[in-house]
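In: Sharing a model prediction with you, sequence too.
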Amino acid sequence: MVLVGIRSRRICPLHKEPAAGAYKGSQRHEQQSANSDNDNDNDNDSVVLRQALFKIDVLILPVIIVGSLFSMMDRSSMGNAKVSGLEDDLHLRQGDYNIATSLFYPTYLVFQPLSNWCLKRVGAKIWLPLLTLLWGAVICAQAFVTSRGLLFTCRVLLGIPEAGYNSGALFLISFWYPKRCVTRRVAIFYTGTAIGSLISGPIALGLTKLDGWITSWHAIFFVEGLLTMCWALVMFVLVPNYPDDAIVLNSAERTALSTTLQAEKPEGGRRPINTRRFIRCLFNAPLLLVSLVLFCANLPINTIMLFGPQVVKDMGFSSSQAQAMQTLPGFCGLVAIIMVNWSTQWFGSHYRSAIAHSILLVIGSTVLLATINVGVRMFALCLLGFGGFGLLGCGPGWLATNVAATVTMGSAGASVLVICGGAGGIATSYIYRNQDAPAYLLGHGINLMAGILAILLALAARWCMGWRNNKMALYPTDISSLSPNEISELEDQHPDFRYVY
């Protein structure tokens, strides 16, 4: 059983797994060996495996990416509805909009761990499409609310189905691919989030122009919710429970993929979750630190999603112009996520990449605090988008790489990651207040602190992982008297496990 995480500049290419127990001191030798193996591995099994991974990349991964896109569009719909007259039509009092945005998160956080348990028991083929169908239905229902109470109720209900989608998708990706391919695929998965942020404004602008039985912000909720429900049916057909169950793979490809994944991940993710270890892994220090980086990332992301149109409108633009101009920070976020895999290679580690994106957050927030010049502030919002979405791309990939071979730790890690991200959403809900317009010093100041905190968290996670690796090398767990089942349950306590930073 090989559970080794190797720090490497080549994050994704397939190559033979290095010897168990190798870590930082032998990094250069491993890199040279990996390159050599990759160049010379031209046998039939390798070709078939690459074909299998290509099919998953092209035919299955995009399905859950589009689900993530709809999730982001549906969340962004609140910000677009606000500038389209939601507050006036529902007679919301000062602060009611902030309350409405925050009510999404309590149920989102509470149902997060439970959702991954259900995923393991029901199966991804049923669970992920069901969640998508349900949150689409709630979004549709928001189109017909007539009071603040009904709006608040919809927001509370929306958090329940949305709770499990991202963590469930991350959990699946970590068991669909060899470990060295996980970081890139996680970053690719989060392009759906960036694209959703990018296109939500223009789509909302078009929907508010509809001249029919449903108009204005009502059309934003109804049409986007209906599209989400339709996509759930597509997911039901195409999403498999496990990669070797995929209908798009032939028998040879299933065998090659299953064999490769079995070498790294015994049971291929099918082992039941250990309750006791699941609870312990929720408080795993390295994973908590990485997850808190996502907390920091979600502040600027939710700023763009929920308050971006209003911040732009308060610069002197109309509602339509604000919705259209929101594409600029979203586009920068998309570029950042696409570049995450290469930036991780450029910087030589996950934590350096996280620090680099955090610095952009600090710069963007500082500029927003320092000036009210429209052009400069739009540029700063773009830096906010680049830094925030960049962290969104590298943080989950960093965590998923470390839990890719462990079922219980993988499920717990994905849950903690999304819980911390949701906590960032709650914080953002209350930092951009109407009375602070147009400068929004409180909101921009907290985003500045989030960027600084992300830098400190990335450094702390790197130190903690390095310390644990050294401790395991010096004092490895004695497995001589353990049964094979007990050994497999050790997960991060296995003597061959090493954290990747």
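Out: Yes, it's here. Please read all numbers here as calculations on a predicted model, not as lab measurements. Numbering: from 1, shown residues only.

In: Can you give me the distance of the residue nearest to residue 218 when sequence neighbours are not counted to residue 222?
Out: Among residues not flanking residue 218 along the chain, residue 143 sits closest, at 4.5 Å (Cβ to Cβ, 6 or more residues apart in numbering). Bear in mind the C-beta positions are built from the backbone N, C-alpha and C, glycine included. According to Cβ to Cβ, to the nearest Å, residue 143 and residue 222 sit 4 Å apart.

In: where do the contact lists of those two overlap?
Out: residue 214 (Cβ atoms under 8 Å, 6 or more residues apart in numbering).

In: so where's the stretch 301-450 of the chain shaky on pLDDT?
Out: Scanning the stretch 301-450 of the chain for pLDDT under 70 picks out 404-408, 410.

In: Please, where are all the helices along it?
Out: For the stretch 301-450 of the chain, helices defined by DSSP state H, counting those that start in this stretch occupy the ranges 308-313, 319-325, 327-347, 350-370, 374-403, 407-429, 441-474.

In: ok, now the stretch 101-250 of the chain?
Out: Using DSSP H, counting those that start in this stretch, helices in the stretch 101-250 of the chain cover 104-110, 112-122, 124-142, 148-162, 165-176, 179-189, 191-208, 216-238.

In: between the ones you listed, which gets nearest to residue 392?
Out: Distance to residue 392, taken as Cβ to Cβ, is lowest for helix 191-208 among those, at 6.5 Å.

In: Would you mind writing the CA trace of the closest one as PDB?
Out: Extracted C-alpha coordinates of helix 191-208, given in PDB (Å, rounded to 0.1, in the frame of the first residue of the first chain):
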ATOM      1  CA  THR A 191     -13.000  26.700 -13.800                       C
ATOM      2  CA  GLY A 192     -16.800  26.100 -13.700                       C
ATOM      3  CA  THR A 193     -17.000  28.400 -10.700                       C
ATOM      4  CA  ALA A 194     -15.000  31.100 -12.500                       C
ATOM      5  CA  ILE A 195     -17.000  30.800 -15.700                       C
ATOM      6  CA  GLY A 196     -20.200  31.000 -13.700                       C
ATOM      7  CA  SER A 197     -19.000  34.200 -12.200                       C
ATOM      8  CA  LEU A 198     -17.900  35.500 -15.600                       C
ATOM      9  CA  ILE A 199     -21.200  34.900 -17.400                       C
ATOM     10  CA  SER A 200     -23.700  35.500 -14.700                       C
ATOM     11  CA  GLY A 201     -23.800  39.200 -15.200                       C
ATOM     12  CA  PRO A 202     -24.400  39.200 -19.000                       C
ATOM     13  CA  ILE A 203     -27.000  36.400 -18.700                       C
ATOM     14  CA  ALA A 204     -28.800  38.300 -15.900                       C
ATOM     15  CA  LEU A 205     -28.700  41.500 -18.000                       C
ATOM     16  CA  GLY A 206     -30.300  39.600 -20.900                       C
ATOM     17  CA  LEU A 207     -33.000  37.900 -18.700                       C
ATOM     18  CA  THR A 208     -34.000  41.200 -17.100                       C
END
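
In: the inter-axis angle of it versus helix 327-347?
Out: For helix 191-208 against helix 327-347, the angle by axes from the mean of the first three to the mean of the last three Cα atoms, to 10 degrees is 170 degrees.

In: rewinding a little: can you tell which of the helices of the stretch 301-450 of the chain is closest to residue 194?
Out: With Cβ to Cβ as the criterion, residue 194 lies closest to helix 327-347 of the helices of the stretch 301-450 of the chain, at 3.9 Å.
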